[in-house]
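Chemist: Provided below for reference: sequence and predicted model.
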Amino acid sequence: MTAEMIRAEDLDVRYGDVRVLDAVSLAVNEGTFIGILGPNGCGKTTLIRAISRVIDPAAGAVYVDGRDVGEYSPRELATRLGAVPQETAVSFGFTVEEIVQMGRHPYLGRLSSMKEADYAVCREAMDLTSTTHLADRLITEISGGERQRVLIARALAQQPKAMLLDEPTSHLDINHQIEVLSIIRGLTPAVTVVAVFHDLNLAAYFCDRVILMEKAKIVAVGTPEEVLTDANIRQVFGVPMMVRTHPLTGRPYLVPRYEPAASPTLSGGTPVCVHVVCGGGTGAETMYALSSQGYQVTAGVLSANDSDCTTAEGLGIPVVKESPFAPISEGSLAEYTALLKETDAVVITEMPIGAGNIANLRALEQFPALKVFVLARDGAPLSSRDYTGGEATALFSSLCRNGAVAVRDIPALVAHLASLRSGTER
Ligand SMILES: Nc1ncnc2c1ncn2[C@@H]1O[C@H](COP(=O)(O)OP(=O)(O)OP(=O)(O)O)[C@@H](O)[C@H]1O
């Protein structure tokens, strides 16, 4: 069984009357990389500080490597826990090399000085963090990002069994974010790592497990897949997200989207429904724009491996799906026509039309009263996308005779839909 490196039990921390940690418990297994996430002010730094005994909790206990932190001398604790604080302002007058060498203090006797082995550990720590070239510079005269890497080097020089890092990448550019987190990741499993993150995607990629905090409490713990769900992020940060699996890493990645404004309604008070007929990525922008503005969007029929299908699902849009490369089946067609009966308008994007999806257009002929908008953002003639030998072009002509409206861009589409909403176009 994996041993626990850090255990916190029922931690309570207050500042005056304000409780900033409320009965927080957590267990961190040896050798893992845990990310702590949560909105500003929820207590992430306080939790890190309480674990490293920078602050004393009003109640609760912390165990590091099987012992109550209160039983360690500060020196002993420093050989178990290396802390990299959020605040990177450090004392005036020290060189980078001296700052890193401070990491060896827990190993030195009161009067003993650094030995070759201690210098070697410091050199390695500086090497790992790409700070060797800064050795003689004053800590006050380097950039925030460089300082952050120096403080990581100092913590590494402590050769701790666990590292606690408070936003270790907050001052780093993307290159150094990845470099530093790769270094930290590389420390595991020899070192256990607990790090506060603001970037959900970096946490999703680098961490084995994540902890999600909200208002002084932990609200979710688990793998990034388990914790970083749209529902959890929406609850804690109030931001709706599209959660996908990164095609290259297999890890979740999150893209924020706008919370729909108050749902537009038809004059009768019901939400405006818009069905998007799309494919091959031509529908993403339309679905996103309309759902962001509170329209009740549906989509399809789409092949299950079409990127528009993935987008619809990511946006929580009901979508009629068909098996990849199969023609539209009777079942899908029935689902599609059921949606058409309920919708207020249909938008056709600039998708290529072939034998696989022509049924999407044929079905529209059964609903001559339906308001149809044809997006023509690329200005290309329909014939250039018609792979049906002319049937699609003929169907479009017929739709236009029935009053389908060509719109040149999404703002124009939204303007039409808004007049639908106000009842002037019905
Ligand atoms: N020394 C202090 N005195 C009084 N209140 C404090 C002190 N330090 C933090 N707080 C308050 O405690 C709460 C938690 O702060 P903490 O720094 O732990 O949050 P955080 O989740 O790390 O936030 P951020 O993401 O902004 O860094 C906040 O409301 C903060 O204002």
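Modeler: Done, it's in.
Chemist: export stretch 168-180 to CSV, keeping only CA atoms.
Modeler: Coordinates of each C-alpha in stretch 168-180 appear next as CSV, following Å, rounded to 0.1, in the frame of the first residue of the first chain:
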residue,chain,number,x,y,z
PRO,A,168,4.9,28.1,-9.0
THR,A,169,4.3,29.4,-12.5
SER,A,170,2.6,32.7,-11.8
HIS,A,171,5.5,34.8,-13.1
LEU,A,172,6.6,32.5,-15.8
ASP,A,173,6.2,32.7,-19.5
ILE,A,174,4.6,29.7,-21.3
ASN,A,175,8.0,28.2,-22.1
HIS,A,176,9.2,28.4,-18.5
GLN,A,177,5.9,27.3,-17.1
ILE,A,178,6.2,24.0,-19.0
GLU,A,179,9.9,23.8,-18.2
VAL,A,180,9.4,24.3,-14.5
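Chemist: and that stretch, which residues are buried?
Modeler: Under the neighbour-count criterion of 16 or more other Cβ atoms under 10 Å, stretch 168-180 has Pro168, Thr169, Ser170, His171, Leu172, His176, Gln177, Ile178, Glu179, Val180 buried. Yep, even glycine has a C-beta here, placed from its N, CA and C like the rest.
Chemist: which one among those residues sits at the bottom for pLDDT?
Modeler: Within those, His171 has the lowest pLDDT, namely 81.
Chemist: nearest residue to it in space, please, no chain neighbours.
Modeler: Gly144 (3.7 Å; Cβ to Cβ, 6 or more residues apart in numbering).
Chemist: quickly note the distance from the one you found to His133.
Modeler: 17 Å (Cβ to Cβ, to the nearest Å).
Chemist: pLDDT weak spots in the protein?
Modeler: Applying pLDDT under 70 to the chain flags residues 1, 87-91, 110-111, 258-270, 421-426.
Chemist: for the residue of the stretch 301-426 of the chain found nearest the ligand, grab phi and psi.
Modeler: Residue nearest to the ligand within the stretch 301-426 of the chain (Cβ to the nearest ligand atom): Gly314, separated by 26.7 Å. Here is the backbone geometry of Gly314 (degrees, to the nearest 10): phi -60, psi -30.
Chemist: check Leu26 too.
Modeler: In terms of degrees, to the nearest 10, the main-chain angles of Leu26 are phi -160, psi 160.
Chemist: related to what we said a few turns ago, what would the buried residues of stretch 168-180 look like in a markdown table with distance to the ligand and secondary structure?
Modeler: Shown next, in a markdown table, are the buried residues of stretch 168-180 (distance: Cβ to the nearest ligand atom, whole Å; DSSP: H, G, I helix; E, B strand; the rest coil):
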| residue | distance to the ligand | secondary structure |
| --- | --- | --- |
| Pro168 | 13 | coil |
| Thr169 | 13 | coil |
| Ser170 | 9 | coil |
| His171 | 13 | coil |
| Leu172 | 16 | coil |
| His176 | 20 | helix |
| Gln177 | 17 | helix |
| Ile178 | 21 | helix |
| Glu179 | 23 | helix |
| Val180 | 18 | helix |
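Chemist: quick one, phi/psi of the residue most central in space within the chain?
Modeler: Among the residues of the chain, the one closest to the centroid is Leu254, at 3.3 Å (Cα atoms, centre = their mean). Per-residue torsions, Leu254: phi -120, psi 140 (degrees, to the nearest 10).
Chemist: so it touches Met242, yeah?
Modeler: Yes - counting by Cβ atoms under 8 Å, Leu254 touches Met242, with 7.0 Å between them.
Chemist: give me the number of neighbouring residues for Asp378.
Modeler: 10 (other Cβ atoms under 10 Å).
Chemist: show me the contacts for the nearest residue to it once chain neighbours are set aside.
Modeler: Using Cβ to Cβ, 6+ apart and skipping residues adjacent in sequence, the residue nearest Asp378 is Glu350, 5.4 Å away. Going by Cβ atoms under 8 Å, 6 or more residues apart in numbering, Glu350 touches Thr282, Leu375, Ala376, Arg377, Asp378, Ala380, Arg385.
Chemist: is the first one in a helix, a strand, or coil?
Modeler: Under DSSP: H, G, I helix; E, B strand; the rest coil, Thr282 falls in the coil class.
Chemist: ok, and the closest non-adjacent residue to it?
Modeler: Excluding its sequence neighbours, the residue lying closest to Thr282 (Cβ to Cβ, 6+ apart) is Thr349, at 4.0 Å.
Chemist: next one: the second one
Modeler: Spatial nearest neighbour of Leu375, excluding adjacent residues (Cβ to Cβ, 6+ apart): Thr349 at 5.0 Å.
Chemist: what's the spacing between the residue nearest to His171 and Val121?
Modeler: 25 Å.
Chemist: okay, the two: which has more neighbours?
Modeler: Taking other Cβ under 10 Å, Gly144 and Val121 do not tie; Val121 has more neighbours (21 against 11).
Chemist: for that one, what are its contacts?
Modeler: Val121 touches Gly103, Arg104, Ala157, Gln159, counting by Cβ under 8 Å, 6+ apart.
Chemist: neighbours of the residue nearest to the first one when sequence neighbours are not counted, how many?
Modeler: In space, and not counting its chain neighbours, Gly103 is closest to Ala157: 2.8 Å by Cβ to Cβ, 6+ apart. A count of nearby residues for Ala157, using other Cβ under 10 Å, gives 26.
Chemist: Ala157: what's it in contact with?
Modeler: Applying Cβ under 8 Å, 6+ apart, one finds that Ala157 lies in contact with Val100, Gln101, Met102, Gly103, Arg104, Val121, Cys122, Ala125.
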